[in-house]
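**Student:** Here is the input, now give the coordinates:
(one chain, ligands or ions: 1)
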Amino acid sequence: MKVTIDGHTIEVEPGTTILEAARKIGGDIVPPAMCYHSKLENTGGNCRVCLVKVSQGSEKDPRPIPKLAPSCKTQVMDGMVVENITNPQVLEARKSVVELLLINHPLDCPICDQAGECELQNLSFKHGVVDTFFKDDKRVFEPEDIGDKIHLHMNRCILCYRCVRVAEQLTPNRVHGVIHRGNDSKISNYIKNAIDNEMSGNMIDVCPVGALTDKTFRFKSRIWFLKPMDAHRDCDKCCGKATIWLFGEEIYRVTARKTKYGELEEFICNTCRYDKKNVSNWTITGPRAYEKWSVINQNSYLNGPLKKVVINADKRLL
Ligand code: SF4
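**Tutor:** Numbering: from 1, shown residues only. The predicted model follows:
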């Protein structure tokens, strides 16, 4: 079936969502997504940043969908016409959603381990508003210990449910989830069980903000000071394909590889993530490439040797 998004027409299989169709086209017209994750089932529909305008429902029934629709949950119909970045109402709504997400999210990026790879940071940069109408205090939660590997900073959580889906779908005996409702909703392990399942570290990687971070990497370095390299090893528990983050010859952390949409290519086990921090454990295949605008590319070593810089100025000024 045919769908047109911001003037680009593409043919897709029945059952494809608007977001998936947009990703097939690629470029700026792809709606952002904080809660949807293509490798996990039943994700999406929580954060609302991917809202789009369906200006024509289908060829047969050209009536528009009256309200903005979540593109990650809305399946395309034959002849559907969708507006994303071409519709000012969508861009205004996206700004409002970002403002809503930031109502309770602390602006502690300078000390947050997720800084530089935070999807909310990127989203705010692109769609954020400078000011806010919200004058009340932000929500603050008591610190909660969820185990020796993952640090939970609940104040930063945007309740996207991605970590809950990882726990449901990758680990037996899920011991954490979202408890309470409304303003009191929070991620918790409730009965004080430590999250220690072999695949649990993937929760850190799927978390779009700094609410779940790696305790073994906490405050060790800013990610833009590290060199991310693609590496693999023979592992009997997972695919063994990871990104290792080097500082000199030392591995500071190991993560799963992410796509340009911030989703994991494949999940990795805790053995690869926490116990294989020696370069000799890995076969390194080359530097991991990031989008040009990413702060991770600061000190980029992808472009070969540095060129000589010639500064034409009076020597007395140098
Ligand atoms: Fe989402 Fe992270 Fe909160 Fe889990 S802890 S719900 S992954 S923001």
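**Student:** near the ligand, which residues of the protein?
**Tutor:** 157-163, 187, 206-209, 211-212 (Cβ under 6 Å from any ligand atom). Bear in mind the C-beta positions are built from the backbone N, C-alpha and C, glycine included.
**Student:** And the helices in the stretch 151-300 of the chain?
**Tutor:** Counting by DSSP state H, counting those that start in this stretch, the stretch 151-300 of the chain has helices at residues 162-170, 202-206, 270.
**Student:** Would you format those as CSV with distance to residue 71 included?
**Tutor:** Below are the helices of the stretch 151-300 of the chain laid out as CSV (distance: least, Cβ to Cβ, whole Å):
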stretch, distance to residue 71
helix 162-170, 17
helix 202-206, 19
helix 270, 34
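**Student:** mind checking the longest helix of this protein?
**Tutor:** The longest helix of the chain (DSSP state H) is helix 88-104.
**Student:** Which residues does that one contact?
**Tutor:** Here helix 88-104 makes contact (Cβ atoms under 8 Å, 6 or more residues apart in numbering) with 32, 34, 47-49, 51-53, 68, 83-85, 120, 123-124, 127-129, 132, 134, 138-139, 155, 158.
**Student:** What subset of these is buried?
**Tutor:** Buried members of those, counted by 16 or more other Cβ atoms under 10 Å: 32, 34, 47-49, 51-53, 68, 83-85, 120, 123-124, 127-128, 139, 155, 158.
**Student:** what ranges of the stretch 101-250 of the chain fall below the confidence cut-off?
**Tutor:** Residues of the stretch 101-250 of the chain meeting the criterion pLDDT under 70: 190-193.
**Student:** mind listing the strands for it?
**Tutor:** 150-152, 177-179, 186-188, 212-214, 227-232, 241-247, 250-255 (DSSP state E, counting those that start in this stretch).
**Student:** And the third one, what does it pack against?
**Tutor:** In terms of contacts (3 or more Cβ pairs under 8 Å, 6 or more residues apart in numbering; DSSP states H and E), strand 186-188 is packed against strand 177-179.
**Student:** Strand partners (parallel or antiparallel) of the strand it packs on?
**Tutor:** strand 186-188 (antiparallel) (DSSP bridges).
**Student:** Now do residue 306, the pLDDT please.
**Tutor:** pLDDT recorded at residue 306 is 57.
**Student:** same thing with residue 302?
**Tutor:** The per-residue pLDDT reported for residue 302 equals 52.
**Student:** out of the helices of the stretch 151-300 of the chain, deepest packed?
**Tutor:** With neighbours taken as mean count of other Cβ atoms under 10 Å, these reach their highest mean count in helix 202-206, at a mean of 26.
**Student:** Of the helices of the stretch 151-300 of the chain, which is nearest residue 236?
**Tutor:** helix 270 (13.3 Å; Cβ to Cβ).
**Student:** Tell me how far that closest one lies from the chain's centre.
**Tutor:** Here the centre of helix 270 is set off from its chain's centre by 20 Å, with Cα atoms, centre = their mean, to the nearest Å.
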